[in-house]
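J.: no sequence for this one, just the structure:
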């Protein structure tokens, strides 16, 4: 499910990082103008406790690279995941609304 990532204590070499970025870009490019070209990225920079999160599509690839660079040191970690499972054509993240205090489920808008 992970397109690319770096565990804490690991540092990707420049060629390995470039290979990972190329693989992510290739994956996202094949679904241009489609929900499947979206990604979810999460990173934790060395010495921080606040996660850096980015949920977007290929148009925000430069911001993804920036997140990765911020979290790339040996004490940091980062992961990039697809939002959908291409083979099963389903979302990895829940696409749902929850009922309000009256048990009513809204039909539209953010909730």
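T.: Structure's in. What do you need? Please read all numbers here as calculations on a predicted model, not as lab measurements. Numbering: from 1, shown residues only.

J.: going forward, measure contacts and count neighbours with C-alpha atoms only.
T.: Fine.

J.: Just give the nearest non-adjacent residue to residue 61, would you?
T.: The shortest distance from residue 61 to any non-neighbouring residue, by C-alpha to C-alpha, 6 or more residues apart in numbering, is to residue 25 (7.7 Å).

J.: tell me which element that neighbour is part of?
T.: Applying DSSP states H and E as the criterion places residue 25 in helix 14-29.

J.: counting contacts, what elements does that helix pack onto?
T.: Counting contacts by 3 or more C-alpha pairs under 8 Å, 6 or more residues apart in numbering; DSSP states H and E, helix 14-29 packs against strand 4-6.

J.: isn't residue 42 right up against residue 82?
T.: No - taking C-alpha atoms under 8 Å as the definition, residue 42 is not a contact partner of residue 82, at 11.7 Å.

J.: between the two, which one's more packed in?
T.: Remark: of residue 42 and residue 82, residue 82 carries more neighbours, 24 against 19, as counted by other C-alpha atoms under 10 Å.

J.: May I have the beta-bridge partners of the more buried one?
T.: residue 39 (DSSP bridges).

J.: Now the helix holding residue 25: buried residues?
T.: For helix 14-29, the neighbour count (16 or more other C-alpha atoms under 10 Å) marks 17, 20-21, 24, 27-29 as buried.

J.: distance between it and the chain's centre?
T.: 13 Å (C-alpha atoms, centre = their mean, to the nearest Å).

J.: I would like the residues contacting it, please.
T.: Here helix 14-29 makes contact (C-alpha atoms under 8 Å, 6 or more residues apart in numbering) with 3-4, 36-39, 57-58, 61, 65.

J.: Need the max-distance pair from those.
T.: Farthest-apart pair in the contacts of helix 14-29 is 36 and 65; separation 19.2 Å (C-alpha to C-alpha).

J.: Cheers, nothing more for now.
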